[in-house]
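**Q** Pasting a predicted model and its sequence here:
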Amino acid sequence: MNRLTPEAIAEGLESGRFRYMRKRCKRGHEWAGTGKSVSRTSTKKCLFCGLENARAQYENTDRNTEEYREVRRIRNQRYRDRLKTEGGDRLEDHRRKHVERNRRWRTESEESFRATLRRYRTSEKGKLLNKANHNRRRAAKENSHSARYSRKDLRSRLSEFDNKCVYCAKVVTTENTHSWDHFIPLSRGGCDTLGNLVLACRFCNASKKDRDPETWYFTQPFASDRRWKTLLKRLGIKEPGQLPLL
């Protein structure tokens, strides 16, 4: 959303946040028929050139990457820290305006809001959030420990297992063929943490269910002593009945 409204610019010129440049910028931006461009006092660069550059960068940037999200998180945190440093009620005012704007948008654009919500729920992030919330509820029901983990953590975990099912060694690289299995089932005292999650194909995950992992594994045709010992070593399990290292 463009926050450089005429009212905001006029207010900025009065407060000293913005100032008139000596002449028009190279792109010919002019403010209110004055024959001059407006810039920020701190940067001395044309406001509208900066807006055009930011819009072009936004349109040419792949926003579905973890690197972009990390940059956004850092910028947002830096902005929140600046608001806290300035003191006063500005941060609370910002939050209240944000909430009111979103509430008004949901009311005025109900169909668009529902379409956005459906897209989010079917996205990778939405599915992970729903699954994580479901697992936390299950862990709480079983009085088991639970710790949050992110998509970045799961991607790292995926590479740790070489994109293979830890049980049958089948290659699972797409969202439709892999799943995350609690090695020690929650119903058997396992916890919902990254250390207890292993990569499994959907067949093995559905077959194992809430059974004891060792008992189930050695009834399968692909059972291997060597692979089993490797899996226990990777999870940090040295003794029977020990929980995976968290």
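**A** Happy to help now that I have it.

**Q** CA atoms for contacts and neighbours, from now on please.
**A** Fine.

**Q** the helices in the protein, which residues?
**A** Remark: helices assigned in the chain by DSSP state H are 6-15, 47-59, 66-86, 90-108, 110-122, 124-141, 151-160, 202-208, 213-217, 225-235.

**Q** mind giving me a markdown table with those helices and columns for distance to Asn196 and mean neighbour count?
**A** Listed next are those as a markdown table, based on distance: least, CA to CA, whole Å; neighbours: other CA atoms under 10 Å:
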| stretch | distance to Asn196 | mean neighbour count |
| --- | --- | --- |
| helix 6-15 | 52 | 14 |
| helix 47-59 | 39 | 13 |
| helix 66-86 | 24 | 12 |
| helix 90-108 | 37 | 12 |
| helix 110-122 | 25 | 12 |
| helix 124-141 | 12 | 15 |
| helix 151-160 | 11 | 13 |
| helix 202-208 | 14 | 16 |
| helix 213-217 | 12 | 15 |
| helix 225-235 | 8 | 14 |
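
**Q** In a markdown table: those helices, plus distance to Arg40 and mean pLDDT.
**A** Formatted as a markdown table, the helices of the chain follow (distance: least, CA to CA, whole Å; pLDDT from 0 to 100):
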| stretch | distance to Arg40 | mean pLDDT |
| --- | --- | --- |
| helix 6-15 | 9 | 86 |
| helix 47-59 | 7 | 87 |
| helix 66-86 | 17 | 84 |
| helix 90-108 | 20 | 83 |
| helix 110-122 | 35 | 86 |
| helix 124-141 | 37 | 83 |
| helix 151-160 | 37 | 82 |
| helix 202-208 | 56 | 91 |
| helix 213-217 | 63 | 91 |
| helix 225-235 | 55 | 88 |
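
**Q** Out of the ones you listed, the one nearest Gly190 is which?
**A** Gly190 lies closest to helix 124-141 among the helices of the chain, at 8.3 Å (CA to CA).

**Q** Now that closest one - C-alpha only, PDB.
**A** Once non-C-alpha atoms are left out, helix 124-141 reads as follows in PDB (Å, rounded to 0.1, in the frame of the first residue of the first chain):
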ATOM      1  CA  GLU A 124       2.900 -25.500   2.000                       C
ATOM      2  CA  LYS A 125       3.000 -23.000   4.900                       C
ATOM      3  CA  GLY A 126      -0.700 -23.400   5.600                       C
ATOM      4  CA  LYS A 127      -0.500 -27.200   5.600                       C
ATOM      5  CA  LEU A 128       2.500 -27.200   7.900                       C
ATOM      6  CA  LEU A 129       0.800 -24.800  10.300                       C
ATOM      7  CA  ASN A 130      -2.300 -26.900  10.400                       C
ATOM      8  CA  LYS A 131      -0.300 -30.100  10.900                       C
ATOM      9  CA  ALA A 132       1.900 -28.500  13.600                       C
ATOM     10  CA  ASN A 133      -1.200 -27.300  15.500                       C
ATOM     11  CA  HIS A 134      -2.800 -30.700  15.200                       C
ATOM     12  CA  ASN A 135       0.400 -32.400  16.600                       C
ATOM     13  CA  ARG A 136       0.600 -29.900  19.500                       C
ATOM     14  CA  ARG A 137      -3.000 -30.700  20.400                       C
ATOM     15  CA  ARG A 138      -2.300 -34.400  20.300                       C
ATOM     16  CA  ALA A 139       0.800 -34.000  22.400                       C
ATOM     17  CA  ALA A 140      -1.100 -31.900  25.000                       C
ATOM     18  CA  LYS A 141      -3.800 -34.600  25.100                       C
END
